[in-house]
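J.: coords please:
(2 chains)
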There are 2 protein chains.
Amino acid sequence: MTRRIKGAEIARAITTRVAARVAETAPGGRVPGLATILVGDDPASDVYVAAKRRAIREAGMRDVHHHLPATATQDQVAAVIDALAADEDVHGILLQLPLPAGLHPAPLIDRIPVTKDVDGLTTASAGRLARGERGLRPCTPSGVVELLDAEGIELRGACVAVVGWSELVGRPLAQLLLHRGATVTVAHQYTADLAAVTRPADVVVVATGVRGLIGPEHIKPGATVIDVGIHRTPEGLRGDARTDELDGIAGRITPVPGGVGPMTIAMLLANTLQAAEWDAEHEAVPA
Amino acid sequence: MTRRIKGAEIARAITTRVAARVAETAPGGRVPGLATILVGDDPASDVYVAAKRRAIREAGMRDVHHHLPATATQDQVAAVIDALAADEDVHGILLQLPLPAGLHPAPLIDRIPVTKDVDGLTTASAGRLARGERGLRPCTPSGVVELLDAEGIELRGACVAVVGWSELVGRPLAQLLLHRGATVTVAHQYTADLAAVTRPADVVVVATGVRGLIGPEHIKPGATVIDVGIHRTPEGLRGDARTDELDGIAGRITPVPGGVGPMTIAMLLANTLQAAEWDAEHEAVPA
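T.: Coordinates of the predicted model:
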């Protein structure tokens, strides 16, 4: 029986730890603040942002929210970001994607100061990650590493296959794993023989958006499978891996839902707290 | 008989092309300028910088040189960089490493504007590379990709093993190869079974600084071996691969010397020209 990695539990432990730390330092007058910017009325984005805001409040952090209409211009969104960048009570800025058509996300994201980049999506954050310098890491990749750590999986010397090369997950995840001493292979749509790449791996992370891509032929017995995919089907939520078929083959697997999903918000909370703590450090150092 | 990849010839073709382009645009009044900063009196650095300066002049570009004493302070080096950053006739700034003990290279490197970062070593450049955004790439990694392209080796769908994870070569090279659609594995000192990682690869790039690390057991027949290593031995210069033993096994190999080595200066020239051209574009766009 393949062990299910309990993402919801691991996420809860993280949010509990964050809330406790916030409670410790709040009396001193410092409450970490997250500003979320939502542009337009995409119903899914609405739900995601609401969940993030609720989690922030439950952790005792400050919830600052800006909801711009779908007709907002590039300059208007930029102005909101710039104002939040200057706001000392805001330690994290999150621009919810996707933006309405007609807006260009990359230049807006790059207006977020690297110190407040809690989604870790700015080019500056990508540079810090590439260099192994201190910085805020993208939430889903760092959530994957937290899951592996919580399960006691030794990354140094491990063979890890990252299937999927997105900016959001695959590429930053490969960097994080490499920093931990794993031997990392990145596979993607142009990979000639995917099973040949994944089969030797101790850990296979799949984040491709291709439902049911990974099956028994891809996984060596006992390997860990981390499934980042999420698809709504008539039978319910499914991932990029065929979980049922991997039962008894994989040593461990993240269920969908309840695996990687809950980790993203937990890491967002951790990043917001981290941003606030680094900000406080900065103030403590004499100019 | 394993084909030797003629790095010196490929490098010459690049520098010829750069010089021709410089000659085309010089009459219009724009001559690309490279500023080299040398701190102290390390004899090897002296030789390397002299070679770079000579190549720059031979390509018709402007050679600006600052030689600071070994006693220069962090602030003094910073001031030189800042002055060059503001100099409109300087399109590239190169800080020759290593610096004398007592100086911190990273903060100095990061003072170089990303637009003039011809060594591609700033955190900002690392971010652009990670994102696949336009930018100046580190010279040795981009030289390796140029060699593979010159040899007509198809990178999309190829299995490439990058042995060595340095900031200077391995990591940026892995990014470049991934952008080209290769399936990339990064191996290093913690990799449990190196031969298992390299043997399936179509291309093996070794940049570890470990002399003679790669031998027949690491290479599948017909694979391409790119040797970035360079070691001075009593018998002469040697690389990280045991070239003699790979003869007849590898399909192609870069000799040491004369393989990767000549490419680094060629790419520096190409980067300097590129920096000047992007700078001219910028000026052409109305404010």
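J.: of all of the stretch 51-200 of chain A, which residue lies closest to chain B?
T.: Going by C-beta to the nearest C-beta, chain B is nearest to residue A:127 of the stretch 51-200 of chain A, at 3.0 Å. Quick note: C-beta positions are derived from backbone N, CA and C, even for glycine.
J.: That residue: how many residues sit nearby?
T.: Residue A:127 has 24 neighbours, counted by other C-beta atoms under 10 Å in any protein chain shown.
J.: Please name the spatially closest residue to it (chain neighbours excluded).
T.: residue B:127 (3.0 Å; C-beta to C-beta, 6 or more residues apart in numbering or on different chains).
J.: now do residue A:116
T.: residue A:93 (4.6 Å).
J.: Can you tell me what sits against the helix or strand encompassing the one you found?
T.: Residue A:93 is located in strand A:92-95, with elements delineated by DSSP states H and E. Strand A:92-95 is contacted from outside by A:32-37, A:39, A:52, A:77, A:81, A:84-85, A:105, A:108-109, A:112-113, A:116-119, A:268, A:271-272, A:275-276, using C-beta atoms under 8 Å, 6 or more residues apart in numbering or on different chains.
J.: Can you flag which of the residues you listed belong to strands?
T.: A:33, A:34, A:35, A:36, A:37, A:39 (DSSP state E).
J.: which non-adjacent residue is nearest the first one?
T.: So the one you mean is residue A:33. Here the residue nearest residue A:33, using C-beta to C-beta, 6+ apart, is residue A:62, at 3.5 Å.
J.: Just the contacts of strand A:92-95: which are in helices?
T.: A:52, A:77, A:81, A:84-85, A:105, A:108-109, A:268, A:271-272, A:275-276 (DSSP state H).
J.: Most neighbours among these, please name it.
T.: residue A:272 (30 neighbours).
J.: Could you export stretch A:24-42 as CSV, keeping only the C-alpha atoms?
T.: Output of stretch A:24-42 as CSV, limited to C-alpha atoms (Å, rounded to 0.1, in the frame of the first residue of the first chain):
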residue,chain,number,x,y,z
GLU,A,24,4.9,36.3,19.8
THR,A,25,6.0,39.4,18.0
ALA,A,26,2.7,41.2,17.7
PRO,A,27,2.8,42.8,21.2
GLY,A,28,6.1,44.5,20.1
GLY,A,29,4.0,46.4,17.5
ARG,A,30,5.0,44.5,14.4
VAL,A,31,2.3,42.6,12.6
PRO,A,32,3.2,41.2,9.2
GLY,A,33,1.0,42.5,6.5
LEU,A,34,0.1,41.0,3.1
ALA,A,35,-1.4,43.1,0.4
THR,A,36,-3.4,41.2,-2.3
ILE,A,37,-4.3,42.9,-5.6
LEU,A,38,-7.1,41.4,-7.6
VAL,A,39,-7.9,42.9,-11.0
GLY,A,40,-11.2,42.0,-12.6
ASP,A,41,-13.8,39.5,-11.7
ASP,A,42,-12.5,36.0,-12.7
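J.: quick check: mean pLDDT across it?
T.: For stretch A:24-42, mean pLDDT is 92.
J.: same check, this time on stretch A:117-130
T.: For stretch A:117-130, the per-residue pLDDT averages 97.
J.: quick one: contacts of that stretch?
T.: A:34, A:92-95, A:109-110, A:112, A:114, A:133-139, A:142, A:167-168, A:172, A:175-176, A:268, A:271-272, A:275, B:122-131, B:133, B:171-172, B:175.
J.: and it, how far apart are its ends?
T.: 16 Å (C-alpha to C-alpha, to the nearest Å).
J.: How about stretch A:235-243?
T.: Termini of stretch A:235-243 sit 14 Å apart (C-alpha to C-alpha).
J.: Pass me the low-pLDDT residue ranges in chain A, would you?
T.: Per-residue confidence for chain A (pLDDT under 70) gives these ranges: A:285-287.
J.: Domain ranges for it, per the record?
T.: A:26-114, A:139-261 (automatic domain parsing).
J.: Mean neighbour count, those domains: which tops it?
T.: Mean neighbour count, computed with mean count of other C-beta atoms under 10 Å in any protein chain shown, is highest for domain A:139-261 among these, reaching a mean of 20.
J.: about what we covered before: and the strand holding residue A:93, how far out from the chain's middle?
T.: 13 Å (C-alpha atoms, centre = their mean, to the nearest Å).
J.: For chain B, state which of the ones in strands among the contacts of strand A:92-95 is nearest.
T.: Closest to chain B, out of all of the ones in strands among the contacts of strand A:92-95 and judged by C-beta to the nearest C-beta, is residue A:37, at 20.8 Å.
J.: Enumerate every residue touching that closest one.
T.: A:65, A:66, A:68, A:77, A:80, A:81, A:84, A:93, A:94, A:95, A:96.
J.: residues from the stretch 101-250 of chain A in reach of chain B?
T.: A:122-131, A:133, A:156-157, A:159, A:165, A:167, A:171-172, A:175, A:178, A:181-188, A:190-192, A:196-197, A:200 (C-beta under 8 Å from any C-beta of the partner chain).
J.: Sitting in strands, which of those residues do you find?
T.: Filtering those for strands - DSSP E - leaves A:159, A:183, A:184, A:185, A:186, A:187.
J.: And the furthest pair within those?
T.: Within these, two members stand farthest from each other by C-beta to C-beta: A:183 and A:187, at 13.6 Å.
J.: And the closest residue to residue A:221 other than its chain neighbours, how close does it get to chain B?
T.: Setting aside the residues directly before and after it, residue A:221 is nearest to residue A:249 in space (C-beta to C-beta, 6+ apart), at 5.7 Å. Per C-beta to the nearest C-beta, to the nearest Å, residue A:249 is found 21 Å from chain B.
J.: Shouldn't residue A:249 be within a strand?
T.: No - using DSSP: H, G, I helix; E, B strand; the rest coil, the secondary structure at residue A:249 is coil, not a strand.
J.: can you tell me which residues contact the nearest residue to residue A:212 once chain neighbours are set aside?
T.: Of all residues not flanking residue A:212 in the chain, residue A:242 sits nearest, at 4.9 Å (C-beta to C-beta, 6+ apart). Residues in contact with residue A:242 (C-beta under 8 Å, 6+ apart) are A:212, A:214, A:215, A:216.
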